[in-house]
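In: Quick check, what structure comes out for this input:
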Amino acid sequence: PWAGYTLTRAEQDLPTATRGQPRYSNLGFQLLALILRRATGVAYPELLRERLFEPLAMTDARMSTGWTQPWGAGGVAATITDVARYAHACLFPPATDLGAAIRLTHAEPLAWTARDGVVEHSGGTAGFSACVSVDHGRGRAVAILTDQPGSPSRSAWLKQAARLTLTGADPHAAASAESWPAWRETAVEVAQSLVAGDVDAVRRRLAD
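Out: Reported below is the predicted structural model:
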């Protein structure tokens, strides 16, 4: 539903926006990146390097040179060591402004999924998938990085594997990322509704 919806159009619409139920939005984080660049006068890749990568010693992390989307929702290239350092900082936030920001994102988890005491986020771009899960109660965090493209089923599989690891169970017990029939059924239903011109049905299913 957001095809062709540019940051310029979103910026024009912001003054009339009303606050609804919080929901993760790639477009929202792209707008946030634009706001950060304007507020600081620093380009977003440089801002990440100064405020996040260098303080956490994420020495190989950088914005991907092949990223063609607006900054803010993806486009970071990093090694598993970098992702592990980020997960460690999420579990043990440093006594700095960055640490305070990390604690705030966990207290109001708009960028994270919070469930049963675990905050987590997963996703995939450019042929890779990643997941960070943090369990403050157990004092554990898990970072996963794979060379497989992202999809809803793969994200669910990564989160399941991370949760098993957090509890000390075997992560190989996670269901296969390819065995999610509900997702396939939903995709077929959405496609059929689209062909039939039932836009409301498409929006309802995509919102779910």
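In: Every contact and neighbour count from this point should use C-alpha atoms.
Out: OK.
In: Tell me which stretches of the chain form helices.
Out: Applying DSSP state H to the chain gives helices spanning 7-13, 26-40, 44-48, 80-91, 97-107, 152-166, 181-196, 199-207.
In: Contacts for stretch 55-62, please.
Out: Stretch 55-62 is contacted by residues 45, 49, 52-53, 76-79, 81-83, 85-86, 89 when judged by Cα atoms under 8 Å, 6 or more residues apart in numbering.
In: Closest one of those residues to residue 8?
Out: Using Cα to Cα, residue 45 comes nearest to residue 8 of the contacts of stretch 55-62, at 19.9 Å.
In: wait, doesn't the closest one sit right on residue 64?
Out: No: Residue 45 is not in contact with residue 64 according to Cα atoms under 8 Å; the separation is 9.2 Å.
In: out of those two, which sits in the more crowded spot?
Out: Using other Cα atoms under 10 Å, the more surrounded residue of residue 45 and residue 64 is residue 45, with 17 against 14.
In: Any of the contacts of stretch 55-62 buried? List them.
Out: With burial judged by 16 or more other Cα atoms under 10 Å, the buried subset of the contacts of stretch 55-62 is 45, 49, 53, 76-78, 81-83, 85-86, 89.
In: so which of those comes closest to residue 173?
Out: Nearest to residue 173 among the buried ones among the contacts of stretch 55-62 is residue 83, at 23.0 Å by Cα to Cα.
In: leaving aside the residues next to it on the chain, what's closest to the closest one?
Out: Spatial nearest neighbour of residue 83, excluding adjacent residues (Cα to Cα, 6 or more residues apart in numbering): residue 143 at 6.1 Å.
In: State the distance from the one you found to residue 78.
Out: 12 Å (Cα to Cα, to the nearest Å).
In: Compile the helices of the chain into CSV and extend it with columns for distance to residue 60.
Out: CSV is the format used below for these (distance: least, Cα to Cα, whole Å):
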stretch, distance to residue 60
helix 7-13, 29
helix 26-40, 21
helix 44-48, 12
helix 80-91, 7
helix 97-107, 19
helix 152-166, 23
helix 181-196, 35
helix 199-207, 36
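In: which of the ones you listed is buried the deepest?
Out: helix 152-166 (a mean of 21; mean count of other Cα atoms under 10 Å).
In: now the angle between helix 181-196 and that helix, please.
Out: 160 degrees (axes from the mean of the first three to the mean of the last three Cα atoms, to 10 degrees).
In: which other helices and strands contact helix 152-166?
Out: Applying 3 or more Cα pairs under 8 Å, 6 or more residues apart in numbering; DSSP states H and E, one finds that helix 152-166 contacts strand 118-125, strand 128-135, strand 140-146.
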